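>>> Prediction below, plus the sequence it came from.
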Amino acid sequence: MPGRYSELVDSQLEFMLTILAAHSRDLVPIEERVLDLCEGSWTLRAHYENWLEAVGLLTERGAYGLTAEGRAVLLMLASTRSTDYAGLPIGLGSLGLTRGLDGGATREYRERVLAEIEARTTDLPFRFVRDTLEGRAAIKLLGARIGSNMPLSRTLWAIELPDTHARDRLFA
């Protein structure tokens, strides 16, 4: 089943595996909380957990555990991960590969183009830069370097965006 559809299915199975692992913690070690995996969205977390409980994979709300079926699905998903994910630890590291509006498909090209843009603007007195704030994708406006002994740039403005793809589209 090659193509974009199989990539979408693989990313959704990886998401379910990671959520189940976060609820279990004994079968597959993971440090992230479910809210971290849902990018801080309480609504997405509640919706996904309610669905997993309704299909019989999670125990009752608030118990934070897996049913016998949930444990079986967790082991099955961990054992049959696609080759794109097999070498990665289960958690945010594997989910970050496919997050963003483009699903990670244009990441290499985007990085090359944006690196060229950033290289051309390093000497400007005021410039926008791609960065992260509190672990989230962001854009900053840096002010002129001040000070003769140790020139320092100042952050004049910053905005956080939901993911790196959204940040890079706004940046370019």
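Nice, thanks for sending it over. Just so we're clear, the structure is a prediction, and the values are computed from it rather than from any experiment. Numbers count the residues shown, from 1 in each chain.
>>> need the helices for this protein, in chain order.
Ranges of helices within the chain are 4-24, 34-37, 42-54, 68-79, 92-95, 107-120, 164-171, based on DSSP state H.
>>> Now tabulate the ones you listed in CSV and tack on mean pLDDT, mean neighbour count and distance to residue 143.
The C-beta positions use only the backbone N, C-alpha and C, and glycine is treated the same way. CSV is the format used below for the helices of the chain (pLDDT from 0 to 100; neighbours: other C-beta atoms under 10 Å; distance: least, C-beta to C-beta, whole Å):
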stretch, mean pLDDT, mean neighbour count, distance to residue 143
helix 4-24, 80, 18, 39
helix 34-37, 67, 18, 33
helix 42-54, 85, 14, 36
helix 68-79, 91, 15, 48
helix 92-95, 69, 18, 33
helix 107-120, 80, 12, 17
helix 164-171, 80, 18, 18
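>>> out of the ones you listed, nearest to residue 153?
Comparing the helices of the chain against residue 153 with C-beta to C-beta, the closest turns out to be helix 107-120 (13.7 Å).
>>> So what's the gap between the closest one and the chain middle?
Its chain's C-alpha centre and that of helix 107-120 lie 20 Å apart, by C-alpha atoms, centre = their mean, to the nearest Å.
>>> Would you mind pulling the contact partners of that helix?
100, 129, 130, 164, 165, 168, 171, 172 (C-beta atoms under 8 Å, 6 or more residues apart in numbering).
>>> sorry, back to before: among the helices of the chain, which comes closest to residue 139?
Here helix 164-171 is closest among the helices of the chain (C-beta to C-beta), at 5.5 Å.
>>> If anything else comes up later, I'll come back, but that's it for now.
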